[in-house]
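Asks: I'd like to go over a predicted model; first the sequence, then the structure.
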Protein chains: 2
Amino acid sequence: MSYQRLHDKYREIGDLEHAQAILGWDEAVLMSPMGCTSRANSLATLSALVHRYKTASENEVLLKSAFKEKFLTEWQQANLLHIERSCRIASAVPEDLVVALSKACSECEQLWRVKRAENDWQGIYPSLTEVIQLTREKANYLADAAGMSAYDALIDLYQPGMGQAKIDPIFAELANFLPTLVDTVLEGQCAPLPFEKKIGKEKQKALALTLMRRIGFAFDRGRLDTSHHPFCGGVPDDTRITTRYNEAKFLESLMGVLHETGHALYEQGLPSDWRGQPVGEALGMAIHESQSLLMEMQVCRSREFMDFAAPIIRHELGIQEADSTIFGADNLYAHSIKVERSLIRVDADEMTYPLHVILRYEIEKQLLSGELEVKHLPELWSEKMTRYLGLSTLGNDGDGCMQDVHWYAGLIGYFPTYSLGAISAAQIFACAVKEDTHLLSDVGQGDFQPLLTWLGKHVHSKGSLVSADQLMKAVTGETLNTTAFKQHLQARYLSS
Amino acid sequence: MSYQRLHDKYREIGDLEHAQAILGWDEAVLMSPMGCTSRANSLATLSALVHRYKTASENEVLLKSAFKEKFLTEWQQANLLHIERSCRIASAVPEDLVVALSKACSECEQLWRVKRAENDWQGIYPSLTEVIQLTREKANYLADAAGMSAYDALIDLYQPGMGQAKIDPIFAELANFLPTLVDTVLEGQCAPLPFEKKIGKEKQKALALTLMRRIGFAFDRGRLDTSHHPFCGGVPDDTRITTRYNEAKFLESLMGVLHETGHALYEQGLPSDWRGQPVGEALGMAIHESQSLLMEMQVCRSREFMDFAAPIIRHELGIQEADSTIFGADNLYAHSIKVERSLIRVDADEMTYPLHVILRYEIEKQLLSGELEVKHLPELWSEKMTRYLGLSTLGNDGDGCMQDVHWYAGLIGYFPTYSLGAISAAQIFACAVKEDTHLLSDVGQGDFQPLLTWLGKHVHSKGSLVSADQLMKAVTGETLNTTAFKQHLQARYLSS
């Protein structure tokens, strides 16, 4: 009875989160520029309402009584734990801070779009300062309530159970391992034949749709659109991925689509009986990223995938016989595993990518603690870029500390999930191919069903029934560790 | 103080209505088919929340105290009256009925899309029966609270202050006047030269955007998209109109766009200081329709508009010299004022259109009272179509009683607003051209500014400061009447 009331309450919260998801997607994909204020207000009010639901005074009593109920199923018990966690987190933060943060983030994010394009750090920095200040307040409230550090409290929002004690050794290992490996690989790497042909957006989109369909994206439950930055949004029964098309770099757009397809297949594969309930949601952003990176890095940047995809790519893009070497599997594969030290995280290859993340991880620790003042962000950014990737960003903040929307949108503690996802992806995929040695050769034949069935069974259909740690243990027999990721990089990049 | 609290409350309601508007637009324009259940749930919960805000027990006390406040401005006083009305209407209907109706309408509307295409009355009629039954319940609650008839209570939702006592004599006059006029016009009418050329959607869209821009649609505060039925949605700072493109009938799509542009200009011209407050909203659906029909029927189907638009149409559609007569102003004008008895309301010309509406008005009275059982709807529809327009729809319910979404979406009492809008449009426009005799010749020169300034001043910027009756009186010196509409039809269709 109490459980059922909490369940019903969370059904309504799920309905409001549906609205937030669609409004958020709309904002990024097609909202009119002048609509931003009323959109920000609407999203802030939705946040406040969700917050009110989760902090209602009756919840405590309902939770106590629900925990005493017998005959709850395994899923209901897990759901109840998630509900408790969700109420606890919400109750730690006052509603006026929730609303102030929602509005400050909406405004800062809108402004960032303009100022990044203008490379205008001075124009965005006061707005970012406010967001960081409010985020600090929120983190402190969360930390007090949970008895953990402020930064851990934020990380825990994006990947429950994750924190600096687990991340520090993993990132230290990568920070030690990767730079030398990058040196070695760059020395031995041959430049692929360049794609000189410009590929129109319509053709790129047709190709993207064809490959999404072949991989298993359900188009009656989702769509592909265009936005400034690729993302996966919407809801499980209407999963919306986006990409951006660069006529000079079709493979980047395509890999973006395949990455988001990995996210989307996770969403579309979540347990349909638990729509709108916390236990029916994805297990956290690191696990989410493991699914996108498993698809992009492990599967679609493989030699096998290119064997399958090359003829489709040539067909959809209308490539002539004369260009069949440039658009052949060998050269496409060479492009897909090209390593390069570069300024922009989202364009980075899988080997340098963790260095971009480690830099952000180190900086956001300092930002949050106040050790780093926002105004000094550009210098520290450039210093760390120089250390990790040999590239300065002084005077080029648009491609430096202004390149990512995250901080401007109030997302601090989110960046680590990208690399934790990459590591998890390698660890999960290594087990998958060990269990079914034909997985990659099936992909080479254009048959993705065995892969999807395996992921569906072991990851997607589980929702949030078990914790991320438990999932990794159950699927791979080990807790999260870098072994498979390192082996994957060595096998792929040192084999030739 | 109490007023301010009500104001703040309605600001939050406005934020939720923003979400409803965007989710509703999204549903019609691009939602994935399988997303319909979660969307229906989300919209139902938003409806329930809005309902809870409006029926909160504190409202009565706040209203009483706010009405005693001194120093409220004219706008605040009007806003307070609207807030009172809004609370009164909401409090008349129990929340569980609001939720049940929201869900039943979402489901019935989704089903209608399928069943209409299949001409399957048997497949939709049980679902419609439920919607009508719930709407009856709602109407009875509203009627009891307001001391008016059930049907009047519904009409009043869409056009406050309107009701059968005002509509009956107006519709009786039109039902008497129009059939004879249609006969006369059809006898004397020459067939325009047919457009044999098919016009691609991309070209049609480019033309639509060009004319929208010339007329004054603000593209930083709105957009044009494609949907099954044309409509104007979104919010004032992000007004979204839609159309559908028929390659064989470009002028229909274009006139649809120009009609919706009229709606959009009203939305975009509402007083920006009152966003989200009831007094800042449009004055009702009849007045809204007066703005779309003023633009479409009075302005864009005029000879003057075609003089301006013909060269643009030829240019945007890439019409060759050989076809310049077919796409000349004379022939375009002849198409734009072609009268024809037809099955489909949305395709009807302005002269037969009121007959379609009168038929629906008569039927929904009976549907609501229970005098007509839903299952007998097809026969009565066909009988009335035969009487008013000489066309039977027996066995063709898809083009008969299933052609419009309104009843399936729970909109009963809405249809009259279309013809009330047409009458108001003629009455308002007659005054506009009397005051500024150059208005139409300016349009002929492509200058819409004088028209927009006049409409902005007399209608758009007023929001809901005064009642529709007061507005008509203030603008035209008379209450709503058919004189100008009848004169307009006679002048346009009997002059040649």
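Replies: Received the coordinates, thanks. No experiment lies behind these values; they were computed from the predicted model shown.

Asks: ok, the residue in the stretch 151-300 of chain A positioned nearest to chain B to residue A:352 distance?
Replies: Using Cβ to the nearest Cβ, the closest approach of the stretch 151-300 of chain A to chain B is made by residue A:238 at 3.0 Å. Where you see a C-beta, it was placed from the backbone N, CA and C, and this is true even at glycine. For residue A:238, the distance to residue A:352 equals 35 Å [Cβ to Cβ, to the nearest Å].

Asks: surely the residue of the stretch 151-300 of chain A closest to chain B is in contact with residue B:30?
Replies: No - look at residue A:238 against residue B:30 with Cβ atoms under 8 Å: they stay out of range, at 9.4 Å.

Asks: look at those two and report which has more neighbours.
Replies: A side-by-side neighbour count of residue A:238 and residue B:30, using other Cβ atoms under 10 Å in any protein chain shown, places residue A:238 first with 28 against 18.

Asks: phi, psi for the residue of the stretch 351-496 of chain A found nearest chain B please.
Replies: Residue nearest to chain B within the stretch 351-496 of chain A (Cβ to the nearest Cβ): residue A:463, separated by 15.5 Å. Main-chain torsions, residue A:463, degrees, to the nearest 10: phi 50, psi -130.

Asks: flag every buried residue along the strand or helix carrying residue A:442.
Replies: Secondary-structure assignment from DSSP states H and E places residue A:442 in helix A:439-444. Within helix A:439-444, the residues scored as buried using 16 or more other Cβ atoms under 10 Å in any protein chain shown are A:439-440, A:442-444.

Asks: for stretch A:86-97, same thing?
Replies: Per 16+ other Cβ under 10 Å, stretch A:86-97 contains these buried residues: A:86-93.

Asks: what does it contact?
Replies: A:10, A:48, A:50-52, A:54-55, A:59-60, A:63, A:134, A:137-138, A:141-142, A:144-146, A:157, A:278 (Cβ atoms under 8 Å, 6 or more residues apart in numbering or on different chains).

Asks: residue A:122 and chain B: what is the separation?
Replies: As defined by Cβ to the nearest Cβ, to the nearest Å, residue A:122 lies at a distance of 25 Å from chain B.

Asks: that residue belongs to a helix, doesn't it?
Replies: Yes - assessed by DSSP: H, G, I helix; E, B strand; the rest coil, residue A:122 belongs to a helix.

Asks: quick one: pLDDT of it?
Replies: pLDDT, the model's per-residue confidence, is 96 for residue A:122.

Asks: count of neighbours near it?
Replies: Neighbour tally, residue A:122, other Cβ under 10 Å: 9.

Asks: now swap in residue A:16 and tell me
Replies: 22.

Asks: residue A:296 now?
Replies: So residue A:296, with other Cβ under 10 Å, has 24 neighbours.

Asks: after the one helix or strand residue A:331 maps to, which helix or strand is next?
Replies: For residue A:331, the enclosing helix or strand under DSSP H and E is helix A:329-336. With elements assigned by DSSP H and E, the helix or strand that comes after helix A:329-336 is helix A:353-369.

Asks: quick one: secondary structure of the closest residue to residue A:223 other than its chain neighbours?
Replies: With sequence-adjacent residues excluded and distances taken as Cβ to Cβ, 6 or more residues apart in numbering or on different chains, residue A:223 is closest to residue A:240, at 5.4 Å. Under three-state DSSP, residue A:240 falls in the strand class.

Asks: what helices and strands are in contact with the helix or strand where residue A:21 lies?
Replies: Here residue A:21 sits within helix A:2-29, counting by DSSP H and E. The contact analysis (3 or more Cβ pairs under 8 Å, 6 or more residues apart in numbering or on different chains; DSSP states H and E) places helix A:2-29 against helix A:36-55, helix A:58-67, helix A:74-92, strand A:232-235, strand A:238-243, helix B:2-29, helix B:36-55.

Asks: one more time with 7 Å
Replies: helix A:36-55, helix A:58-67, helix A:74-92, strand A:232-235, helix B:2-29, helix B:36-55 (3 or more Cβ pairs under 7 Å, 6 or more residues apart in numbering or on different chains; DSSP states H and E).

Asks: for that helix, give the mean pLDDT please.
Replies: So the average pLDDT for helix A:2-29 ends up being 97.

Asks: tilt between that helix and strand A:238-243?
Replies: 30 degrees (axes from the mean of the first three to the mean of the last three Cα atoms, to 10 degrees).

Asks: now helix A:2-29: how far from the chain's centre is it?
Replies: In terms of Cα atoms, centre = their mean, to the nearest Å, the centre of helix A:2-29 is found 20 Å from the chain centre.

Asks: cool, stretch A:467-486 as well?
Replies: 18 Å.

Asks: can you check stretch A:213-223 too?
Replies: For stretch A:213-223, the distance to the chain centre is 19 Å (Cα atoms, centre = their mean).

Asks: ditto for stretch A:457-466
Replies: With Cα atoms, centre = their mean as the basis, the mean position of stretch A:457-466 lies at 18 Å from the chain mean.

Asks: export that stretch to PDB, keeping only CA atoms.
Replies: Presented in PDB, the C-alpha positions along stretch A:457-466 are these (Å, rounded to 0.1, in the frame of the first residue of the first chain):
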ATOM      1  CA  LYS A 457      20.300  -9.900 -21.800                       C
ATOM      2  CA  HIS A 458      23.300  -8.800 -19.700                       C
ATOM      3  CA  VAL A 459      22.900  -5.000 -19.600                       C
ATOM      4  CA  HIS A 460      19.900  -3.300 -21.300                       C
ATOM      5  CA  SER A 461      17.100  -5.400 -19.900                       C
ATOM      6  CA  LYS A 462      18.500  -5.100 -16.300                       C
ATOM      7  CA  GLY A 463      17.600  -1.400 -16.000                       C
ATOM      8  CA  SER A 464      18.800  -0.500 -12.500                       C
ATOM      9  CA  LEU A 465      18.000  -3.800 -10.900                       C
ATOM     10  CA  VAL A 466      21.500  -4.200  -9.600                       C
END
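
Asks: next, work out how far apart residue A:145 and chain B are.
Replies: As judged by Cβ to the nearest Cβ, residue A:145 and chain B stand 27 Å apart.

Asks: which residue packs closest to that residue, ignoring adjacent ones?
Replies: Closest to residue A:145 by Cβ to Cβ, 6+ apart is residue A:92, at 3.5 Å.

Asks: any idea how far residue A:94 lies from chain B?
Replies: Distance from residue A:94 to chain B, counting by Cβ to the nearest Cβ: 17 Å.
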